[in-house]
Every structure is written in structure tokens, then in C-alpha cells.
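Q: 3D, please:
(chains A and B)
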Amino acid sequence: MVKMSNVIYIDGLKDNYVFDLDEDTVIYHFNINKSYKVEINLNEENIRLDYYYNNINYDDNEFKIRINHNKSNTISYVYNHGVNINNNKLHYWVDGFIPKSSNNCNCNQDNQIINIHDGKSKIWPNLLVDNYDVSANHSAYIGKFKESLLFYLMSRGINRHDSYKLLLEGFLLNTDSVDREKIKDFVDEIEKI
Amino acid sequence: MLKITNLSTRVVDSDINILDKLDLEINDGEIHAIMGPNGTGKSTLAKTIMGNYQYEVIDGDITFDGKSLLKLSVDERAKLGIFLSMQDPTVIDGVSNSEFIRTAMNSVSGEKTNLYQFIKDMESNMKDLKLDTNMTHRSLNKDFSGGEKKKNEILQLKMLKPKFIILDELDSGLDVDSLKIVCKNINSYIKDNPNTSVLIITHYPRILEYIKPKFVHILKDGNIKMTGDIKLAHDIEKNGYEIVDGKDE
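A: Predicted structure coming up:
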């Protein structure tokens, strides 16, 4: 039987969010030009978190997220994808914390910021691990879309502008499971980039 | 169809020269193969024809149906009907295979592709290539096996219907059965479109047993040193590329 996950769409009305989770959860966080601080507590054994943070940024902003693996056998996958439009600051602090008391946890971060112009973007991908029996991965990329990606798309006849648009959509809507009606403003904003 | 004259290239922003005064002419409906040891410029030639950003032409010209390609962008070259099946197809996360192919078809044809016909053609071509139809919705080349990536290149070829096909080391990453399937599909395409020209770039003559070239060229040190027919490929397999050096002497 497929285990169903609880699904949360962050409304963006507050600046800070704290989630205490006791079941598998998928969180979609689509943000246009705001700063946020998020803390998530995995409070039951054997639960999994998938967190999709997708961000279109115009001014100086930051995003801080901390995942606390408070119980053993917990899993987290955090995908932070941002597009920094102007020559502004965009900072991500991403902490995965596994205390000594939590065994066999799996903590993963994928952090990427695409600078459209000369944005001053920074990422701090922190794995704070106090237990030897864990699996933890993190990655961080800041830069432009790679020319190799554009070459591949253009080699099939798609012009540079449309290739870029395809890449942007793929990058910012990096999950098939999201209900696009619920993030309509965000989808519309992508068109304006 | 494609004419390369006195072509010299180098890696962009460097003094590394790769192709050196290369001449090659491929007429409508002809199949040519280029063989050569590692690092002699085979893939550079393929990428230069396509307009890859890593290489710059420092001398000579490439024309396609009489028109110089050198000032055309990559997509403009593709729209003329040039298709490069890549040695290592690029993974693009988040862009679905179907979205990509449909966008490409719209761009090449200049009109919106009929969705019903698109789905029908995709299903039929995927069946011919023995590709799982769920690959339609997966991110482009992401988590594809080596064989699936190559088959996906040929799927794009069949959907986009080019006039000039470059196969850059098609056989790498393909097992024998998959190579047969892929080559069968290419041969079927050539049979249906007899004016199509093909440039096969390969290390090994195995693929030439399935897609039979009219001419085999040996590329070494950035230039074509020998030209012959399929017997030359067999000779290379038997004796190695040293025969080229022998001829030079």
C-alpha cells in the first residue's frame, strides 16, 4: 500500500514558520521576493519530509531553514531553488541537525541559486551531525544556467530565449506533484522574468 | 548538402588548435563515417558543425545547401535540418521529455504541433525504439540509462525529421541489442527519407555493419588523412591507426 503524505502549501502570510511533524509530509513553499525563517521538527520515528522552496527574488532577502531530526530513522529532503533577478543579495542558511540521540537518519539538501544578472548570492549548507550512524548529503550551486544546457536545447531548434524559459520553469517548478492552481501567482511571475 | 572547406578550429579563449585545414563534402543521401583515435578532433568537428560555444572557427567555412553556417546560431542550424545525436546527452532536471520535444517541434516547424498527433507519433516511435512510454513525462535524460539516453536521441531525431544527421559515437553506452534497435530505426528513417545525409563518428567499425557508409574517412591530427570504403574500417580494426602513419611515411 502506498503511504500517503500530508501536504502543506505555505501561505506566505507570516515571516516565520514552525512545523512539528508526526507523519510523512510534503511542504511546498513558493515565494516571490520575501524573507522567511522556517523550523521543522521531525518528532516521530520513520517519518519523511520533502520540502520544496522555490523563490523568485528582486531585492535583498534571506531564507533560513532548519530541519531538526529529533527522532531516529527520520528522513529529510530539502530542495531550495532560487532565481535572483537583480544585482541584489540573496542568502540561504540551510541547517540539517541530527542530535546524538537520533540514529539512522537521512538528511539531504539540494541548494541552487541562479543569478540572472550579477546578484550577490550566498548559501550556507550546514549539516550539524552529532551521530555516526547517519546518511547526509548537501550541495550548493550559485551561478548562471550552464551553457551546455542551453546548447542541448538550442541544438533541437529552440531559440535561446525559449530555451532559457524552459530551464527557468524546470528549475522553479521542480516537482510534478505540485498543484499549479495553488501557486498561480508564482507561475505567472515566472512568465515576467 | 554539407561542404566543409579548409576548416581550422581552436578551443575558445585558448591557443589549442584542433581541426587543421579540413575539407569534407557530403552530398544528399550519402552516408559518411569518420574514424580516428582519441583526441583527433572527431567530436570537435561534430560540435563545430552544430555551432557549439566551446570552439571557434579560425579559418575556412562550412556551408549547408550553399549557405554558410558560421554566422548562424545553434537553433538556426537545427532549423535548417541539422541534427546532432550527442555522445553524452545532457541531463536537464525539471524539463520533461515531452515538453522539450514538443517545444522543439513547434520551433522547427514554426507552428503549433497538434497534440493528438504528437502523442500518437511519440507512442509509435517509442514503441519502435522499445522505450518505456513513462519516459515521456520524466525529466530530460535524468536517471536514464546509457542506452535510454541514446534511444532518446533517436526518438528526437524521428520526431524532428532532420535532413542531415550527425551520430557522435552512437554506439558508446549501447549494448548489442540496443545498438541493433537504434540502427534499425535510423535505417528505416533513411529509407523513408532517402535524401537524408548521415555523418557517423565512431571509434569502432561495429556500428558500420548496421549503418553502411559509402565513404570512410580517417581523421588524425585534425585533418582527414585517408578516405576509402568499408574495407578501410576493417583494415583499421585489424591493424589499428598505425596504418595511417605508415601511409604518411
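
Q: Which secondary structure state does whichever residue of chain A sits closest to chain B sit in?
A: Nearest to chain B in chain A, going by Cβ to the nearest Cβ, is A:G170, at a distance of 2.7 Å. Quick note: C-beta positions are derived from backbone N, CA and C, even for glycine. Following DSSP: H, G, I helix; E, B strand; the rest coil, the label given to A:G170 is helix.

Q: Tell me the spacing between it and B:I92.
A: 6 Å (Cβ to Cβ, to the nearest Å).

Q: now swap in A:I8 and tell me
A: 28 Å.

Q: now do A:R48
A: If you go by Cβ to Cβ, the gap between A:R48 and B:I92 works out to 26 Å.

Q: Does B:I190 touch B:V198 like I think?
A: Yes: taking Cβ atoms under 8 Å as the definition, B:I190 is a contact partner of B:V198 at 6.8 Å.

Q: Give the intersection of the neighbour lists for those two.
A: B:31, B:211 (Cβ atoms under 8 Å, 6 or more residues apart in numbering or on different chains).

Q: higher neighbour count, those two?
A: B:V198 (24 against 17; other Cβ atoms under 10 Å in any protein chain shown).

Q: In the sheet, which strands lie alongside the helix or strand where that one lies, parallel or antiparallel?
A: Using DSSP states H and E, B:V198 maps to strand B:197-202. Strand B:197-202 pairs in its sheet with strand B:31-35 (parallel), strand B:164-168 (parallel), by DSSP bridges.

Q: what's the offset of the last one from the middle of its chain?
A: Spelled out, it's strand B:164-168. 2 Å (Cα atoms, centre = their mean, to the nearest Å).

Q: repeat for the first one
A: Its chain's C-alpha centre lies 11 Å from the corresponding centre of strand B:31-35 when counted by Cα atoms, centre = their mean.

Q: next one: stretch B:218-232
A: 18 Å.

Q: Tell me which residues are up against it.
A: B:8, B:17-24, B:34-37, B:40-42, B:45, B:205, B:208, B:212-217, B:235-236, B:241, B:243-244, B:247-248.

Q: who in chain A is up against chain B?
A: A:147-149, A:151-160, A:162-163, A:166-167, A:169-171, A:173-174, A:176 (Cβ under 8 Å from any Cβ of the partner chain).

Q: out of these, which are buried?
A: Among the residues of chain A next to chain B, the ones that count as buried by 16 or more other Cβ atoms under 10 Å in any protein chain shown are A:149, A:151-159, A:162-163, A:166-167, A:169-171, A:173-174.

Q: OK, contacts around the residue located most distally from the centre of chain A?
A: The C-alpha centroid of chain A is most remote from A:G157, which lies 31.1 Å away (Cα atoms, centre = their mean). Contact analysis of A:G157 by Cβ under 8 Å, 6+ apart lists B:75, B:78-79, B:104, B:107-108, B:160.

Q: That one: what secondary structure?
A: A:G157 - assigned by three-state DSSP - is coil.

Q: any idea of the pLDDT on it?
A: Listed pLDDT for A:G157 reads 98.

Q: Show me where the chain dips below the pLDDT cut-off.
A: Using chain A. A:1-3 (pLDDT under 70).

Q: meant chain B actually
A: If you take pLDDT under 70 as the line, chain B has these spans: B:246-249.

Q: in chain B, which spans are helices?
A: B:42-50, B:74-80, B:97-109, B:115-128, B:146-160, B:176-192, B:230-239, B:242-248 (DSSP state H).

Q: ditto for chain A
A: So, for chain A - with DSSP H - the helices run A:147-154, A:160-172, A:184-192.

Q: on that earlier part again, can I get the strand holding B:V198 as CSV, trimmed to CA atoms?
A: Provided in CSV are the C-alpha atoms of strand B:197-202 (Å, rounded to 0.1, in the frame of the first residue of the first chain):
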residue,chain,number,x,y,z
SER,B,197,22.7,12.5,-45.3
VAL,B,198,24.5,11.0,-42.3
LEU,B,199,27.9,11.6,-40.7
ILE,B,200,28.8,8.8,-38.4
ILE,B,201,31.6,9.5,-35.9
THR,B,202,33.0,6.3,-34.3
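
Q: Contact partners for the most centrally placed residue in chain A?
A: Central residue of chain A (Cα atoms, centre = their mean): A:N80, 2.0 Å from the mean position. Taking Cβ under 8 Å, 6+ apart, we find A:N80 in contact with A:53, A:55, A:63, A:65, A:92, A:94, A:109-112, A:123.

Q: just these now: which is nearest A:E39?
A: A:I65 (7.5 Å; Cβ to Cβ).

Q: Look at the closest one and say how many residues are nearby.
A: 22.

Q: OK, contacts around the closest residue to it other than its chain neighbours?
A: Spatial nearest neighbour of A:I65, excluding adjacent residues (Cβ to Cβ, 6 or more residues apart in numbering or on different chains): A:V38 at 4.5 Å. Counting by Cβ under 8 Å, 6+ apart, A:V38 touches A:10, A:16-19, A:29, A:63-66.

Q: Narrow those to those that are buried.
A: A:10, A:17, A:19, A:29, A:63-66.

Q: roughly how far apart are the closest residue to B:D20 other than its chain neighbours and B:P162?
A: Leaving aside its chain neighbours, B:D20 sits nearest to B:G222 (3.7 Å; criterion: Cβ to Cβ, 6+ apart). Distance of B:G222 to B:P162, computed by Cβ to Cβ: 26 Å.

Q: which of the two has more neighbours?
A: B:P162 (25 against 21).

Q: tell me the contacts of the nearest residue to the more buried one once chain neighbours are set aside?
A: Closest residue to B:P162 apart from its sequence neighbours, by Cβ to Cβ, 6+ apart: B:F83 at 3.5 Å. Residues counted as contacts of B:F83 (Cβ under 8 Å, 6+ apart) are A:155-156, B:156-157, B:160, B:162, B:164-166.
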